[in-house]
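>>> Model the following, please.
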Amino acid sequence: MIDRIEYNVEKSVDYVESAKQDTKKAVKYQSKARRVSSDDNRLVILVLFSSSVLLVSRMHDTHDVVRCCDTG
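Prediction:
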């Protein structure tokens, strides 16, 4: 009976050690995932800003052509 208890305690220690290593890995992966998400957000903001600048630039160029050709 005591041998069985000792065996179970040893297995529990092994299980806890394995769980500690898995937890460290999970924290590391979560940290990387946050960085990637942050980089993705920056990319989306950059694309939206660039698109807005191009749109405003095109609108401005269109108005210049109308003013230029308007003999009114």
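
>>> What ranges in this protein fall below the confidence cut-off?
Scanning the chain for pLDDT under 70 picks out 62-72.

>>> if we go to 80?
For the chain, applying pLDDT under 80 flags the ranges 33-37, 59-72.

>>> all helices in it, in order from the N-terminus.
Ranges of helices in the chain, per DSSP state H, are 2-69.

>>> What count of nearby residues applies to residue 22?
Residue 22: 10 surrounding residues under other Cβ atoms under 10 Å. For glycine as for every other residue, the C-beta is placed from the backbone atoms N, C-alpha and C.

>>> Would you mind measuring from the residue nearest the centre of the chain to residue 44?
Geometric centre of the chain, nearest residue: residue 37, 0.7 Å, by Cα atoms, centre = their mean. Between residue 37 and residue 44 the distance is 11 Å, computed by Cβ to Cβ, to the nearest Å.

>>> now swap in residue 36 and tell me
Taking Cβ to Cβ as the measure, residue 36 falls 13 Å from residue 44.

>>> now swap in residue 9 and tell me
52 Å.

>>> repeat for residue 31
For residue 31 relative to residue 44 (Cβ to Cβ), the value is 21 Å.

>>> again with residue 50
Distance, residue 50 to residue 44, using Cβ to Cβ: 11 Å.

>>> for residue 55, same thing?
Residue 55 sits 16 Å away from residue 44, going by Cβ to Cβ.

>>> do the same with residue 52
Look at residue 52 and residue 44: by Cβ to Cβ, they are 13 Å apart.

>>> and if you look at residue 22?
Counting by Cβ to Cβ, the gap from residue 22 to residue 44 is 33 Å.
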